[in-house]
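Undergrad: Got a predicted model here, sequence first, then my questions.
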Amino acid sequence: MTTEMTMPRRGAGAGGVRLRAAVAAAFVLARLKPGRLRRVLARCSRGARPASYAETLEVLEAVVATSRRCASRYGCLPRSVAVALACRMSGVWPDWCAGVWATPPFSPHAWVLAEGRTVGEQAEAADLRPLMVVTVREGVQGERGGGDDGGAGTGGSGSGQTA
């Protein structure tokens, strides 16, 4: 017996084009130096309200369904940036974080938080150590942590470079 199936058109549905634009922008932004990326995201977060967990999870699932690279194990940076940008298109902003796993093997990771919980991660927030956080709760700056512009990739010690 055969069943006829019709696959949805790529990008079909609410926010398809906007979501793909957020994913494409995320891949461009993921190539920036850490300090510049933080500044760009901080500027994007201005004027937004904090995202709820449900809103952020829905956007994360849409991003992962749209981009295979974002869904991969090594796609954490563009995935987290794409989620933050797609949320911003709805007027909300999750806490965007970049840091390391707190348990061995210590490796870099990027993720989003909403309502104090990691969104779409196997780990809890306590298992991750943020070096950079971009949030709307910090006022105009929209960021906290991470040292100066060039030092986010060096364990937060800062190298004094400008991005």
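TA: Thanks, I have it.
Undergrad: mind checking how far the most centrally placed residue in the chain is from Ala48?
TA: Taking Cα atoms, centre = their mean, the centroid of the chain lies closest to Ser80, which sits 2.0 Å from it. Taking Cβ to Cβ, to the nearest Å as the criterion, Ser80 is separated from Ala48 by 16 Å. Just so you know, the C-beta spots here come from the backbone N, C-alpha and C atoms, and that holds for glycine as well.
Undergrad: ditto for Glu61
TA: Separation of Glu61 from Ala48 (Cβ to Cβ): 20 Å.
Undergrad: got it, and Gly91?
TA: Taken as Cβ to Cβ, the span from Gly91 to Ala48 is 6 Å.
Undergrad: More neighbours: which of the two?
TA: Set side by side, Gly91 and Ala48 show more neighbours around Ala48, with 19 against 11, by other Cβ atoms under 10 Å.
Undergrad: Looks like that one contacts Leu85 (just checking).
TA: No - if you go by Cβ atoms under 8 Å, Ala48 and Leu85 don't touch, sitting 11.0 Å apart.
Undergrad: Which elements pack onto the helix or strand encompassing Ala42?
TA: Assigned by DSSP states H and E, Ala42 falls within helix 34-45. Contact partners of helix 34-45 among helices and strands, from 3 or more Cβ pairs under 8 Å, 6 or more residues apart in numbering; DSSP states H and E: helix 16-29, helix 76-88, strand 95-101, strand 128-134, strand 143-144.
Undergrad: what sits against Tyr53?
TA: Each residue near Tyr53 by Cβ atoms under 8 Å, 6 or more residues apart in numbering is listed here: 114-115, 117, 119.
Undergrad: Pipe those residues into TSV and attach neighbour count and pLDDT per row.
TA: Compiled in TSV, the contacts of Tyr53 are given as follows (neighbours: other Cβ atoms under 10 Å; pLDDT from 0 to 100):
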residue	neighbour count	pLDDT
Ala114	24	96
Glu115	14	94
Arg117	13	94
Val119	24	96
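Undergrad: among these, which two are most distant?
TA: Across the contacts of Tyr53, the longest distance by Cβ to Cβ is 9.0 Å; it joins Glu115 and Val119.
Undergrad: quick one on the thing from earlier: angle of the helix holding Ala42 against helix 16-29?
TA: Angle of helix 34-45 versus helix 16-29, following axes from the mean of the first three to the mean of the last three Cα atoms, to 10 degrees, is 150 degrees.
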